[in-house]
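[1] Provided below for reference: sequence and predicted model.
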Amino acid sequence: MENFSNDFGPFSSIWINTSHQGALPKSAVAALNEAVQWKISPHHLASSSIFSSVPSRLKNVLGSLINAPPEDIILGNSASYGLHLLANGIKWSSGDEILLVEGDFPCDILPWLNLKKQGVKIRAVKPRGVGLQPEEILENIGKATKLLCTSWVYSYTGHIINLPAISEICRKKGIKLVLNCSQAIGTQPFDITWRWADAITCVGHMGRVSAGLILNFARIWIIIKLTGWRCRQLMI
Ligand SMILES: Cc1ncc(COP(=O)(O)O)c(C=O)c1O
């Protein structure tokens, strides 16, 4: 196995938190320092090719991680932001229902709540065990259900949903699956052509994904457009 230890540190103790407070790799530290220099003199930045080449390189790298074309990657500042955009970009009708998961990370809950004002019903499914099971989704889908939003890996329990099975249920029932891939991308195999989700959002500051994203101090969310997917076309 490749030895990555030289890419990190120096450490004076053993540090195993690679998520909430993961250590920056040295390459990210160098990129951060360079970004600070650019921000000290932003007048150079405005006329520099780096202004567009950095986001473009980042989109390419992220795209290669999940086999998505770079033009389908949208850079943003948080996982929440991606979900807010989806919640507000989809055309809803009064009576539509959105399924969420009780106990899920707050960013998967909050963006949808405002839709109640439009008459959209928000229902949180309470998992019987530690994590949401495919059959629990099936049991809770009703005629008005239009969308399910869930984490792939639950932050508080580490539970990993059975994504292929849940995805299959949603597809068969004609329900859009919005997946929060934070904690998952970089650790779980994922290829956008598998069509496991209709849209995904992800933070960029955790685990292996973080390296490229620290450049602009921003966390990142990505929404993947599957074939023909456009936010405004997601009329459900
Ligand atoms: C599952 C999950 N989603 C999202 C986030 C972060 O959300 P946001 O980028 O909106 O702060 C975290 C942790 O910070 C998380 O564990």
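    Happy to help now that I have it. Numbering: from 1, shown residues only.
[2] Quick check: closest non-adjacent residue to the residue positioned nearest the centre of the chain.
    The residue lying closest to the centre of the chain (Cα atoms, centre = their mean) is residue 202, at 1.8 Å. Nearest residue to residue 202, sequence neighbours excluded (Cβ to Cβ, 6 or more residues apart in numbering): residue 181, at 4.2 Å. Using the backbone N, CA and C atoms, a C-beta is placed for each residue, glycine as well.
[3] what's the neighbour count on the one you found?
    Residues lying near residue 181 (other Cβ atoms under 10 Å) number 26.
[4] before we move on, what about residue 139?
    Around residue 139 there are 11 residues (other Cβ under 10 Å).
[5] quick one, phi/psi of residue 55?
    Per-residue torsions, residue 55: phi -60, psi -40 (degrees, to the nearest 10).
[6] Please report how far the residue nearest to residue 202 lies from the ligand.
    Distance, residue 181 to the ligand, by Cβ to the nearest ligand atom, to the nearest Å: 8 Å.
[7] go on, residue 109?
    11 Å.
[8] So the closest residue to that residue other than its chain neighbours: helix, strand or coil?
    Distances taken as Cβ to Cβ, 6+ apart place residue 100 nearest to residue 109, at 5.6 Å, with adjacent residues excluded. When classified by DSSP: H, G, I helix; E, B strand; the rest coil, residue 100 comes out as strand.
[9] what helix or strand does residue 124 sit in?
    According to DSSP states H and E, residue 124 maps onto strand 121-125.
[10] Quick one: distance of the next helix or strand after that strand to the chain centre.
    Scanning forward in sequence from strand 121-125 by DSSP H and E, the next helix or strand is helix 134-140. Helix 134-140 has its C-alpha centroid displaced from the chain centroid by 23 Å (Cα atoms, centre = their mean, to the nearest Å).
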